[in-house]
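J.: build the 3D model from these lines:
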Amino acid sequence: MSLSSAIRAPETLLTERLRLRRPTAADAEAIFARYSADPEVTRYMSWPTHRRLDDTRAYLAWCDNDWARWPAGSYLIFTREPAGLLLGGTGLTFRTPQEAATGYVLARDAWGQGYATECLQAMIALARKTGVRRLEAVCHLEHHASAHVMEKCGMRRQGVLREHTEFPNLMQGVRQDVVRYALEFWS
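T.: Sure thing, here's the model as predicted:
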């Protein structure tokens, strides 16, 4: 499948409790306030905690480029009410038209409510619809809650990748071990 034949994802997705929407420049302050500047939330992220609003703006520019190049990109996660509360972010990051990675980040007050599971299920369904054949996700070896979400959503543990990913909020400049999960779609 070529990139030109890939199915474009909608900019808004609805789940039972959530509304996932493509981010815009107007979301910078809310993202910064809700989760990207929180050191506890970003502890296991592969990107540094945002120290300034410009860090969040740079992320949003990256999102726009990703959406322009691929069938989908990042989504913000909101509660479904009309004036929904921003809970975090998720999305698909494409390596090729057939291979993508996913992940999620949630504000602290959204932890433990099943939102990560709901988001990951939505990303799995979206990956299938956009023609992805292999969807991967990784988490820090000690991030047991995230590993549990991936297993709950049917992703298969592929093994431990040694010194694979830098987690700058844990230890700057040091690659750490991760657990890789994947799903393959062939129908």
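
J.: tell me where this structure has strands.
T.: Secondary structure of the chain (DSSP state E): strands at 12-14, 18-21, 74-79, 86-96, 99-106, 134-140, 156-166, 175-184.

J.: nearest to residue 49, of the ones you listed?
T.: Closest approach to residue 49 among the strands of the chain (CB to CB): strand 99-106, 11.1 Å. C-betas here are computed from N, CA, C, even on glycine.

J.: could you work out the end-to-end span of stretch 150-161 for me?
T.: 16 Å (CA to CA, to the nearest Å).

J.: return the distance of it from the chain's centre.
T.: Remark: stretch 150-161 is offset 15 Å from the chain centroid, using CA atoms, centre = their mean, to the nearest Å.

J.: name the residues of that stretch that are buried.
T.: Residues of stretch 150-161 classed as buried under the neighbour-count rule (16 or more other CB atoms under 10 Å) are 150, 153, 155.

J.: run through the residues that contact the second one.
T.: Right, the one you point to is residue 153. Contacts for residue 153 were tallied using CB atoms under 8 Å, 6 or more residues apart in numbering; they are 117, 120-121, 124.

J.: recalculate using a threshold of 6 Å.
T.: 120-121 (CB atoms under 6 Å, 6 or more residues apart in numbering).

J.: can you check the last one too?
T.: If you count contacts by CB under 6 Å, 6+ apart, residue 155 has them with 181, 183.

J.: any chance of the strands of the chain in CSV, with distance to residue 68 and mean pLDDT too?
T.: As requested, the strands of the chain are exported to CSV (distance: least, CB to CB, whole Å; pLDDT from 0 to 100):
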stretch, distance to residue 68, mean pLDDT
strand 12-14, 18, 97
strand 18-21, 17, 97
strand 74-79, 12, 98
strand 86-96, 12, 97
strand 99-106, 16, 98
strand 134-140, 21, 97
strand 156-166, 26, 96
strand 175-184, 26, 97
